[in-house]
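In: mind folding the following:
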Amino acid sequence: MLRECFAKEWLTKRDWAYALSEQIFRGKNYDKIEFKLNTKRILISIPEEFQLEIEQICKPHGSIFTPYFDYDFLACKVASNQSRFLDDPREDDFLWIEVKAGNSIPSKAQLKAKSKTPIPVKMCRVKGISNMSNDIFTEFSELKEMPDPKEDFPNFDDMKWRDF
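Out: Numbers count the residues shown, from 1 in each chain. Have a look, this model is predicted:
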């Protein structure tokens, strides 16, 4: 989806490699996961204490024809010149990423998953996509229950991580 493209670009420019939850699920390998950074593929070793959680969060919900996942991506902070392998990432180098368009809010399943994960969850909100205006904004923030778009996202121009 277009909103995911904006999120991937935003992450890549800040040296966050990402892996789609669906690809993690299909790969069935939770100790080493292939992440992307631009056109690079980086095989990242996952800390043992995160492996079961990643397996559980990357299980799809819904039917086999229309599955959905708790979060869109797992992201990992890497060096811009990162080699093909990263064997010793720090635990705080990981984030779950959920991408929302417009004023949509997190689902109950996402909030439930957030309460069970030690990996921080960030929400990427992309606004302006539905009308394809020249004013498309991307902003990251903490995932919380009922964000108020007018209060929580007053200035999309800064395009930075937001903590509430």
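In: does the most centrally placed residue in the chain lie in a helix or a strand, and which?
Out: Geometric centre of the chain, nearest residue: I97, 1.9 Å, by C-alpha atoms, centre = their mean. I97 belongs to strand 94-101 when assigned by DSSP states H and E.
In: one step back: excluding chain neighbours, what is closest to the residue nearest to the centre of the chain?
Out: F73 (4.1 Å; C-beta to C-beta, 6 or more residues apart in numbering). For every residue, glycine as well, the C-beta is placed using N, CA and C.
In: what's the answer for I54, then?
Out: That would be Y30: by C-beta to C-beta, 6+ apart, it lies 5.3 Å from I54.
In: next up, the contacts around that neighbour.
Out: For Y30, the contact set (C-beta atoms under 8 Å, 6 or more residues apart in numbering) comprises I24, I46, Q51, L52, I54, E55.
In: distance-wise, check F6 relative to K13.
Out: Look at F6 and K13: by C-beta to C-beta, to the nearest Å, they are 11 Å apart.
In: between those two, who's got more neighbours?
Out: Remark: of F6 and K13, F6 carries more neighbours, 19 against 11, as counted by other C-beta atoms under 10 Å.
In: helix, strand or coil for the more buried one?
Out: helix (DSSP: H, G, I helix; E, B strand; the rest coil).
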